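Peer 1: From the sequence below, what's the structure:
(2 chains)
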Amino acid sequence: MPKTQTTKVPTTAPAQRGGGTVEREFTVAERKQWQLILRRFTRHRMAMVSIIVLVLLILIAYVGPHFWKYSATEITPDHAFRSAPNLAHPFGTDDAGHDYMARVFRGTQQSLKIAAIVALLSTTIGAPYGAISGLIGGKVDAIMMRLCDLLLVLPLLVVAAALASSHSGDTVLIVALVLGLLGWPVNARQVRGVVLGLREQEFVEAARAMGAGTWRIVFRHLLPNATGTILVQATLDIAGAILGEAALSFLGLGVQAPDTSLGLLINQARTSVDTLPWLFYLPGVVIILIALTINFIGDGLRDAFDPRQTRQRR
Amino acid sequence: MLVFTIRRLIQAIPILFGASLLTFWLMSIPADPVTVEFAGRNPRPPQGTIDAEMHRFRLDESFWAQYWDWIKGIFHGNWGPALDKNANIFHDMMRHFGVTTRLIVLALIVAIVLAVLTGVMSAIKQYSVRDYTFTFLGFVFLSMPTFWIAQLLKTIAVNFNTSTGTHFFGTLGAYSIPQPDGFWNRIVDYAGHLVLPTISLALITYAGLSRFQRASMLEVMNSDYVRLARAKGISQRRVLTRHMLRTALIPMTTATALTIAVFFGGTIITETVFNWNGMGVYTIDAISSHDKYIVLATLMLTGFIVIIGNLVADILYAVLDPRIRYA
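Peer 2: Okay, the predicted model is just below:
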């Protein structure tokens, strides 16, 4: 949330900074739309902290393994089985003797990969789909939206089970595809909701009067104006995918060994949760950290793009 | 309104058919139930037995004939064969449905009360320490995997039980086996088993609802009629209860209807962790044993609930907010 600064109205900035002469005593520096949004976003303290934490997490997950003395697949040379977290193994070791920190690095990488693919799929399919549906309206809209409803009713577990059994191989990719293909209707609905409001506005009419086709209106006029909604929904997709992957893997329908993910690590540690609790709880902490930071970033984006919810005395 | 309701219900029919057809197809991809049933048998059962089972599952027919048979069966109250020959799918499903309902009702009440309280308290002191604390806590619960928090609660409860030497918190199943004697003891037993799943379900649900309540409360607080009420000198408490809450709770009713719908599909993990034999466990067991017709039956029931939940949400919205009209 932005800080309360009731004394300072955002648009009145101090006189022009940097080069150029000040022509008048009081002036309002011109700011572009995106500058205003960026300004509001950077004022959201939790979002800024979250970005730093998330970037650190991603860096550690991808760069960390190169500097860490153990790999995710090797049995530790000191033959430490089931050792609790200690100096040599900050995250302990599992019952096969793998260094658990290396496992968690690997799991985090795979979970992040899934989240990125899901967000990308959901956004690139959902946003144009919703915009086209909302712009055209009428029967086409009704049919397109019923297709979304159908996908939303379809049980995730059945789809996951069907795909997992018929395609062996990269289970990480399969989980990402399942979550993405069942997730995009939510994005489509959100974008459609925004477009239903936008399409009545003059700029769409103007674009059409100048001969712009449906595609041009959708991609050049409607989608840029729905950026806020699309971005916020993408952050929700990422958090949802991280948790969704964990849930699927927990039920045994997600990522399969030998590959790994945060959800699978937790699933494998389930039976020994009483004796080796760190194996269960540590990957969970990483999941919470990722989802939490992403949720805060999404909250910051929402506030930045839609300042109406910010309470101001009118 | 009546026309709207009827039209929505009619629109729901093709969705349910489409979803069932897709599920029918998806379930037939991995393996058929009979092959799975006999896969590990040694010696291999006689061909006659296999053929009979194939026939019982209509696997000797074409895909479309199977689907058509299933649809016809539903209208005759026959939800299809299950691997367990004596099973009546509809009867079994309703039993599991009852277990899940018991789990959901209490969790929903706790979640809503928590959400309204924290949401309103956050909003009336926006950007205060209290607001930030509630917001942060809400986001933490929003970011927790269900099984993680469920397992954490379970571990804490087991430690509590062992340290006090009691069995107050039931961590496995909906009740103790064998059940304790006496009416009162049974009630306590049921309640003890209900505490943990309820808390974990309520905690992961309230967070989203609370954000929702906060947003709708903020909107109301900035409205002109609230300012007018204050200007007239009405006490803060009265403005809150009589003027603000009445409007600010409207979106909540809608959200609640949708949450109920989500719940019936989303308690699988809670049920798994706490060994409740509800709809979720019933479904996941059927999926792993390729018991196709059970999966379809649960799909129809949850799909129906989702559609009804959405419909009730829309209708409630119109009933409570007279500005909204459905034609």
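
Peer 1: which strands and helices sit next to the helix or strand containing residue B:305?
Peer 2: With secondary structure defined by DSSP states H and E, residue B:305 is part of helix B:292-320. Counting contacts by 3 or more C-beta pairs under 8 Å, 6 or more residues apart in numbering or on different chains; DSSP states H and E, helix B:292-320 is packed against helix A:138-153, helix B:2-28, helix B:63-75, helix B:89-124, helix B:250-266, helix B:279-288. Using the backbone N, CA and C atoms, a C-beta is placed for each residue, glycine as well.

Peer 1: and stretch B:110-122, which residues are buried?
Peer 2: The neighbour-count check on stretch B:110-122 (16 or more other C-beta atoms under 10 Å in any protein chain shown) flags B:110-112, B:114-116, B:118-122 as buried.

Peer 1: and the top helix by length along chain A, does that touch chain B?
Peer 2: In chain A, assigned by DSSP state H, the helix with the most residues is helix A:100-136. No. Helix A:100-136 stays clear of chain B (C-beta under 8 Å from any C-beta of the partner chain), getting no nearer than 11.0 Å.

Peer 1: what angle do that helix and helix A:138-153 make?
Peer 2: 160 degrees (axes from the mean of the first three to the mean of the last three C-alpha atoms, to 10 degrees).

Peer 1: mind checking how far helix A:100-136 is from the chain centre?
Peer 2: In terms of C-alpha atoms, centre = their mean, to the nearest Å, the centre of helix A:100-136 is found 7 Å from the chain centre.

Peer 1: Rounded mean pLDDT for that helix, please.
Peer 2: Helix A:100-136 carries an average pLDDT of 91.

Peer 1: That one - contacts with which helices or strands?
Peer 2: Contact here means 3+ C-beta pairs under 8 Å, 6+ apart; on that basis helix A:100-136 packs against helix A:45-67, helix A:138-153, helix A:171-198, helix A:214-216, helix A:223-225, helix A:227-250, helix A:262-268, helix A:277-305.

Peer 1: In contact with residue A:117, which residues?
Peer 2: A:173, A:176-177, A:180 (C-beta atoms under 8 Å, 6 or more residues apart in numbering or on different chains).

Peer 1: Just the buried residues of the residues you listed.
Peer 2: Buried members of the contacts of residue A:117, scored by 16+ other C-beta under 10 Å, are A:176-177, A:180.

Peer 1: Show residues contacting stretch A:248-256.
Peer 2: With C-beta under 8 Å, 6+ apart as the criterion, stretch A:248-256 contacts A:110, A:114, A:156-157, A:160-161, A:164, A:171-172, A:175, A:178-179, A:245-247, A:261-264, A:266-267, A:270, B:145, B:147, B:268-269, B:272, B:284, B:287-288.

Peer 1: Next, count neighbours for residue B:296.
Peer 2: 24 (other C-beta atoms under 10 Å in any protein chain shown).

Peer 1: Distance check, it against residue B:287.
Peer 2: From residue B:296 across to residue B:287, the span is 11 Å (C-beta to C-beta, to the nearest Å).

Peer 1: what does residue B:201 give?
Peer 2: Per C-beta to C-beta, residue B:201 is found 22 Å from residue B:287.
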